[in-house]
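Chemist: Generate coordinates for the sequence data below:
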Amino acid sequence: MKFTINAHELEAAPGTSLFEAAESAEIRVPTSCEKQGRCGECLVEVVEGMEHLTPRSPEEEHLGTEFRLACRARALPGDGAVRCHTLRRTAMRIEDRASELRIHGAPLPLDPAVTRDGDRIRLEGHEVARATGPIHGVALDLGTTTVALRLLNLESGKTVATSSFENPQRFGGTDVMARIAYDATHEGRPLQRMLLGYLSHAINELPVDPMSIFEIVVAGNSTMRDLLFGLDVQSIGRKPFRSQTELQLEAGERESTSLSAEAQRLHLPIHPRARVHGLPLIGGHVGADAAACLLAVDFPSEERLVALMDIGTNTELIVGNRERVLAASCPAGPAFEGGRVSCGMPALDGAIEGVRLAADGRVLVDVIGGGPPEGLCGSGLVELLGELLRAGRMNDRGRLDTGEQGFSLDAEHGIALYERDISELAQAKGANTAGLRILLRRYGVRAADLRVFYLAGAFGKHLSADAARRVGLLPDIDDHCIRQLGNAAIEGATIALLSLARRRELEKLVRRIEHVPLEAAPELFDEFALGCLFRPIEP
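Modeler: Reported below is the predicted structural model:
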């Protein structure tokens, strides 16, 4: 049997597990139970040859059809090939901007919840430990696709380390609605357990004693945040699409939608009396990640008319200023993060992130890491669509001029874009475009009235503005109005970690944001159909 694990090829005798094969190739596979099938962390995605592996064990019954536990899946007798990969550890493209964080135009004053009084460590004034070493905190961006961490020294405000990994909850679906449905039909909270297991590994690999970490501040969409804390998320999946914390706030049972829990309750390997704090929600699927973005751009003091779009599996949109703010969420799906696209992949080494069609017909690509291409990430997909439009190789309905169903970028490596992929991208774009147009109309403004258009998220940071305007993902506004922020959610979580005052300011802001439920908008279908066309958005 031939196994290909994370692009490493090796021969395997019958009965060899994927875990054992990975170990022989020095590929790290997460585990807490040492291959006993109990922790469920050794998750692999099998993309070819599932029929050459032993049947699923009882420990794997909760997994989606393409996923296996590496310690349970073994090679069957006979010839064949199995191709799979572990969930990826990713390299975060974030910088140490903690020293540059500003509020109201001035440097951010340090005001963390965790402070030192001699050898006493206090959490909002209450003693939680005695220690003389450094005290740390973690800003956590809990995305549907990627989880990102930033470790900070709470006394200096400096970044100590960063880390990120692919969200292991993928086995329960690629979008939040699929995970909500999965959570309803599987006992024992496997989504929460898997996430906490991977998060624990990431924390243990940070270059400090985990017992010196006394607070984690969490930014994430409503579903991701509530799953982490073990809340029932079913109310987020049905009308009126609200978290249990929102419903309790409306009933007068709580004062905020923010969440807090001791680390020991979540079994995280930091100081047991440390606090895990989930930032407040804005409303519905507009979650704590969007709230964190508002801190990152100093929205509470914004006087100009601005828009903020955090493009992802669930895109968040915000329009307004300090006087009035509207917000909405768009269920865009995972296409712009590489999901449901034939050669799609996250923005990792090997992903094509830039594409140009030369006059002589050559396809020129930029590959993350500089090695051979393995697939297309979101920014590469948008730039390819823009180039196909510019060159007249694709019409505004996503039909190719090749006479075939696909466009080949790299025949040697089998990388191509097909019309069915373009359809997935059109629907993702259509959801985003419809949401933006509806929100602007509710506010009573046009795109041309916006002074700043913030693009948040790793995808937005590396997006070609020209290509995005050409395909109709961004409005047709000047370059000087577009600000590509990168991971604004983790910047906002960092601000909340380092400043209680800013955290409290955010609580006040989210209470007066007007949440616009797009599903109730009568023009949604027409706007979505128009948004699926690859045409510039009128300013």
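Chemist: and the helix ranked longest in the chain, what other elements does it pack with?
Modeler: Criterion DSSP state H: the longest helix present in the chain is helix 419-443. Applying 3 or more CB pairs under 8 Å, 6 or more residues apart in numbering; DSSP states H and E, one finds that helix 419-443 makes contact with strand 306-310, strand 315-320, strand 325-330, helix 378-390, helix 524-531. Glycine gets a C-beta too; all of them are placed from N, C-alpha and C.
Chemist: Helices of the stretch 51-200 of the chain, start to end?
Modeler: Secondary structure of the stretch 51-200 of the chain, counting by DSSP state H, counting those that start in this stretch: helices at 176-185, 190-204.
Chemist: Any buried residues in the shortest one, and which?
Modeler: Translated: helix 176-185. Neighbour-count burial for helix 176-185 flags 176-180, 182-183 (criterion: 16 or more other CB atoms under 10 Å).
Chemist: wait, isn't A307 in contact with L436?
Modeler: Yes. A307 lies in contact with L436 (CB atoms under 8 Å); the separation is 7.3 Å.
Chemist: Need the residues touching each of the two.
Modeler: 317, 447 (CB atoms under 8 Å, 6 or more residues apart in numbering).
Chemist: that older thread, to the chain's geometric centre, what's the distance from the longest helix of the chain?
Modeler: 19 Å (CA atoms, centre = their mean, to the nearest Å).
Chemist: Check stretch 168-188 too.
Modeler: 15 Å.
Chemist: Next: stretch 16-32.
Modeler: On CA atoms, centre = their mean, the centre of stretch 16-32 falls 27 Å from that of its chain.
Chemist: who's in contact with that stretch?
Modeler: Contacts for stretch 16-32 (CB under 8 Å, 6+ apart): 1, 3, 5-6, 8, 10, 12, 35, 39, 41-44, 53, 68, 70-75, 82, 84, 86-87, 197-198, 200-201.
Chemist: Out of the buried residues of helix 176-185, the closest to G287 would be?
Modeler: V176 (9.4 Å; CB to CB).
Chemist: returning to that earlier point: can I get the buried residues of helix 176-185 in TSV with pLDDT?
Modeler: Formatted as TSV, the buried residues of helix 176-185 follow (pLDDT from 0 to 100):
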residue	pLDDT
V176	91
M177	92
A178	92
R179	94
I180	96
Y182	94
D183	95
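Chemist: between those residues, which is closest to D466?
Modeler: V176 (30.9 Å).
Chemist: OK, contacts around N321?
Modeler: Contacts of N321 (CB under 8 Å, 6+ apart): 299, 302-306.
Chemist: State the pair within those that is farthest apart.
Modeler: F299 and L305 (11.9 Å).
Chemist: which one of these two has more residues nearby?
Modeler: F299 (23 against 16; other CB atoms under 10 Å).
Chemist: quick one: that one from T313, how far?
Modeler: As judged by CB to CB, to the nearest Å, F299 and T313 stand 23 Å apart.
Chemist: Report the central residue of the protein.
Modeler: Geometric centre of the chain, nearest residue: G143, 2.9 Å, by CA atoms, centre = their mean.
Chemist: So it sits against G312, correct?
Modeler: Yes. Shown here, G143 and G312 form a contact pair, counting by CB under 8 Å, at 6.5 Å.
Chemist: residue furthest from the geometric center of this protein?
Modeler: G78 (40.3 Å).
Chemist: Does that residue touch G49 like I think?
Modeler: No. Using CB under 8 Å as the test, G78 is too far from G49 to be in contact (11.4 Å).
Chemist: got a list of what L436 touches?
Modeler: 307, 309, 317, 447, 475, 537.
Chemist: Mind telling me the two of those farthest from one another?
Modeler: So, the contacts of L436 by CB to CB: farthest apart are L317 and I537, at 13.2 Å.
Chemist: between these two, which one's more packed in?
Modeler: Per other CB under 10 Å, whichever of L317 and I537 has more neighbours is L317, with 24 against 20.
Chemist: Look at the more buried one and report its pLDDT.
Modeler: pLDDT, L317: 95.
Chemist: List the residues that contact it.
Modeler: Contacts of L317 (CB under 8 Å, 6+ apart): 307-309, 327-330, 432, 435-436, 439.
Chemist: Repeat that for T132.
Modeler: Contacts here follow CB under 8 Å, 6+ apart; on that basis T132 touches D119.
Chemist: Next: the one 5 residues further on.
Modeler: If you count contacts by CB under 8 Å, 6+ apart, G137 has them with 112, 114, 151-152, 154, 213-217, 497-498.
Chemist: Between these, which sits nearest V286?
Modeler: Using CB to CB, the contacts of G137 come closest to V286 at V217, 18.3 Å.
Chemist: where are the low-confidence patches of the stretch 351-500 of the chain?
Modeler: 402-404 (pLDDT under 70).
Chemist: Just the helices from it, written as ranges.
Modeler: Under DSSP H, counting those that start in this stretch, the stretch 351-500 of the chain gives helices at 378-390, 419-443, 457-461, 465-471, 488-498, 500-511.
Chemist: Tell me, what's the model's pLDDT at L101?
Modeler: Each residue has a pLDDT score; the one for L101 is 66.
Chemist: what's the next secondary structure element after the helix or strand containing L247?
Modeler: Per DSSP states H and E, L247 falls inside helix 244-250. Moving toward the C-terminus from helix 244-250, the next helix or strand (DSSP H and E) is strand 259-262.
Chemist: Counting by contacts, list what whichever helix or strand comes after that following strand packs against.
Modeler: Sequence order places strand 275-278 as the next helix or strand after strand 259-262, per DSSP H and E. Judged by 3+ CB pairs under 8 Å, 6+ apart, the packing partners of strand 275-278 are strand 213-220, helix 222-228, strand 259-262.
Chemist: rerun that using 10 Å as the cut-off
Modeler: strand 136-142, strand 213-220, helix 222-228, strand 259-262, helix 488-498 (3 or more CB pairs under 10 Å, 6 or more residues apart in numbering; DSSP states H and E).
Chemist: rewinding a little: overlap in contacts of F299 and L305?
Modeler: 320-321 (CB atoms under 10 Å, 6 or more residues apart in numbering).
Chemist: just checking, E262 touches P272?
Modeler: Yes. Assessed by CB atoms under 10 Å, E262 is found in contact with P272 at 6.9 Å.
Chemist: what do those two both touch?
Modeler: By CB under 10 Å, 6+ apart, the residues touching both E262 and P272 are V128.
Chemist: that older thread, overlap of the contact sets of G143 and G312?
Modeler: 221, 289, 337, 457-458, 489.
Chemist: Sketch out the low-pLDDT regions of the stretch 151-300 of the chain for me.
Modeler: In the stretch 151-300 of the chain, no residues with pLDDT under 70.
Chemist: What sits closest to A184 if chain neighbours are left out?
Modeler: In this structure, A184 finds its nearest non-sequential neighbour in Q234, 5.7 Å apart by CB to CB, 6 or more residues apart in numbering.
Chemist: which residues does the closest residue to T145 other than its chain neighbours contact?
Modeler: Leaving aside its chain neighbours, T145 sits nearest to E337 (4.8 Å; criterion: CB to CB, 6+ apart). Listed by CB under 10 Å, 6+ apart, the contact partners of E337 are 143-146, 174, 311-313, 344-347, 377-378, 381, 428, 457-459.
Chemist: Ok, D183 next?
Modeler: 169, 172-173, 189-192, 223, 226-227, 232-234, 237.
Chemist: May I see the helices and strands packed on helix 419-443 arranged in CSV, with distance to V29 as well?
Modeler: Output for the helices and strands packed on helix 419-443, formatted as CSV (distance: least, CB to CB, whole Å):
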stretch, distance to V29
strand 306-310, 32
strand 315-320, 33
strand 325-330, 35
helix 378-390, 27
helix 524-531, 41
